[in-house]
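In: The amino acid sequence is not available; the structure is as follows:
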């Protein structure tokens, strides 16, 4: 019985750590996406001013759109219930697992 309780605790702690890491990854990804969006707007203004080629605008737009996909993947890491924590605590959904990770 004691071993089962220790195992349960380990699973809950690991799940909580995974959730905290996923939230940090999402925050960082959103920050980087904002930088890409800012770069795109700057390049748009530069193209309109005639100081850079429209190709630079296309490049920055492609980079921004590609990174949006990474943000969506990071979002999945947060919105999926952390398996270990949720199962171990008998929780369902992110909010329930989140409560156990505080």
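Out: Okay, I see it. In this text the structure is predicted, and so the values were computed from the model without any measurement.
In: Tell me the spacing between the closest residue in space to residue 28 that isn't next to it in sequence and residue 23.
Out: Using Cβ to Cβ, 6 or more residues apart in numbering and skipping the chain neighbours, the partner closest in space to residue 28 is residue 74 (8.0 Å). (Glycine included, C-beta is placed from N, CA and C.) Applying Cβ to Cβ, to the nearest Å, the value for residue 74 to residue 23 is 9 Å.
In: The two: who's more crowded?
Out: Comparing residue 74 with residue 23 by other Cβ atoms under 10 Å, the one with more neighbours is residue 74, at 21 against 15.
In: per-residue confidence for residue 68?
Out: The model reports residue 68 with a pLDDT of 96.
In: show me the contacts for it.
Out: residue 33 (Cβ atoms under 8 Å, 6 or more residues apart in numbering).
In: Heading C-terminal from the helix or strand harbouring residue 28, find the next helix or strand.
Out: Taking DSSP states H and E as the criterion, residue 28 maps to helix 2-49. Remark: after helix 2-49, the chain's next helix or strand is helix 54-79, criterion DSSP H and E.
In: Contact partners for residue 78?
Out: By Cβ under 8 Å, 6+ apart, the neighbours of residue 78 are 19, 22, 23, 26, 94.
In: Could you report the separation of the residue nearest to residue 28 from residue 55?
Out: With Cβ to Cβ as the criterion, residue 74 and residue 55 are 29 Å apart.
In: any idea how far residue 36 is from residue 14?
Out: On the measure of Cβ to Cβ, residue 14 and residue 36 end up 32 Å apart.
In: Out of the two, name the residue with the larger neighbour count.
Out: The residue with more neighbours, out of residue 14 and residue 36, is residue 36; 18 against 15, by other Cβ under 10 Å.
In: The more buried one contacts residue 62, correct?
Out: No - distance between residue 36 and residue 62: 10.1 Å, which falls outside the contact criterion (Cβ atoms under 8 Å).
In: Listing request: residues of the chain with sub-threshold pLDDT.
Out: Scanning the chain with the threshold set as pLDDT under 70 gives 81-102.
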